[in-house]
Structures are given as C-alpha cells and as structure tokens.
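Participant: The sequence isn't on hand, but the structure is:
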Ligand code: ADP
Ligand code: 5GP
C-alpha cells in the first residue's frame, strides 16, 4: 500500500473501552476516519449496518478472504471479523488518516503488512474491572463474556508488542493520553 496517510491501530481486550475512546476521539478529531469492519457476529441492539459493522454470513466472509478483499481478518469468540481493504487503501492513498479498532491477531497482520502503522494497546485497570465493564454493557451472554475474558488474558500478555500502551481507568485521562500519543509534536 502506498503510505501517504496514517494508519492507526487501536487494540485491547473486549470491554476495555476501545469503542468508547474511539467514539470520543472521532468527535474531537474530524480528520480521523474509522474503518467499518465486516463481521459474522449478529448485530447488537442499536447497531446499524454500514455504521458499526457490515454484517455478513460466514460464506460471504470466506469469499471475501478468498478474493483478497480484506486487509486483515481474525476469528474472535466464535465469529469472524475483518477490515475491508479497498476503503482503507483509498483513504491512505489520498493522504487521509484511518483508524482500525481491531483485536490482536488482526493487529499483528497489520504490523506485517504495514509496519509504519502506529499501534496502541489499551489496558484495563484490572481484570475485575474488565469483567464489570463487559457485564455492565449488558450486550453479551454469560458464555460470550467468559470467552471474551479468556481471550482478554491472552491479549494482555501480548501488550508489550505494541508501540504504546495506556490504561483506560479514568476515561478523560485515557483520552488525553491517547491524544498525546497520536498528536504529540515531535
Ligand atoms: P470495547 O469497545 O473495548 O469492547 P466499550 O467501549 O464497549 O469496550 O466499553 C465497555 C463498557 O465499559 C461500556 O459500558 C462503557 O461505557 C464502559 N467504559 C468504557 N470506558 C470506561 C471507563 N474509563 N470507566 C468506566 N467505564 C468505562
Ligand atoms: P465486538 O464483537 O465486541 O464488536 O468485537 C469483538 C472484537 O473484535 C473486539 O476486540 C474488536 O476490536 C475486534 N474487531 C472488530 N472489528 C475487527 C476487524 O475488522 N478485524 C479484527 N481483527 N478484529 C476486529
């Protein structure tokens, strides 16, 4: 990919607050564009096709993988997730900044394919607080929460692979740190 624009990857365990931080960041920095992923997961209440995700079935997803339509992809907690290549490519080539909010396996693929990408890992204050957040979101079954927590431990063990780590304890503080990482004058 021609690297004119910036590619920013935000990773961290499910429930840590990635979506919340990204939403705030996008409101404050209109020049950042969030990539909309494809998933085989069912929509949660309130999720909108094309805004939160493109919801597809497994055979369509596998076809996208076969056709090389995805920049990266992974299976997470029983579902497939992937980043459509073309929209990201178009923006980066146009010199725009694109944000990917993805899990660990996908982040590693981006590191291979696009080493210039800036990679940020969001840590929870503790596993107990992570579990509390997953439960308080109230959108996943007990079984899905258990799968996400198991995977969270694996993701946290890989945090040191990332360029930057920050703890999402107080939201405003975490947002400030994220802005410092992304927009620090060097
Ligand atoms: P992710 O996108 O990483 O799965 P979400 O952004 O959906 O996580 O956040 C999970 C839950 O935690 C949500 O209910 C959200 O409101 C809450 N949350 C996010 N950040 C914080 C924070 N700093 N302090 C307390 N609760 C938070
Ligand atoms: P959720 O089901 O909570 O929306 O997302 C589950 C996990 O999948 C989160 O860690 C989220 O960051 C990740 N994810 C969302 N979209 C993508 C994607 O396109 N690729 C990869 N690899 N992970 C994604």
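Facilitator: Yes, it's here. What you see is a predicted model; the values in this text were computed from it and never measured. Ligands and ions are numbered 1, 2, ... in the order given.
Participant: Can you check the pLDDT for residue 16?
Facilitator: Confidence at residue 16, expressed as pLDDT, is 97.
Participant: Identify the residues contacting it.
Facilitator: Neighbouring residues of residue 16 by CB atoms under 8 Å, 6 or more residues apart in numbering: 122, 123, 124, 130, 133, 152, 168. Backbone N, C-alpha and C define where each C-beta goes, glycine included.
Participant: Just say helix, strand or coil for the first one.
Facilitator: With DSSP: H, G, I helix; E, B strand; the rest coil as the basis, residue 122 sits in strand.
Participant: Can you report how many residues neighbour it?
Facilitator: Residue 122 has 25 neighbouring residues, counting by other CB atoms under 10 Å.
Participant: Beta-bridge partners for it, please?
Facilitator: Taking DSSP bridges as the rule, residue 122 bridges to residue 166.
Participant: For it, give its distance to ligand 2.
Facilitator: 10 Å (CB to the nearest ligand atom, to the nearest Å).
Participant: Was I right to think that residue contacts residue 175?
Facilitator: No: between residue 122 and residue 175 there is no contact under CB atoms under 8 Å: 10.9 Å.
Participant: who touches the one helix or strand residue 112 maps to?
Facilitator: Taking DSSP states H and E as the definition, residue 112 sits inside helix 104-113. Helix 104-113 is contacted from outside by 1, 7, 9, 11, 71-76, 81-83, 100, 102, 117, 119, 154-155, 158, 161-162, using CB under 8 Å, 6+ apart.
Participant: Brilliant, that's me finished.
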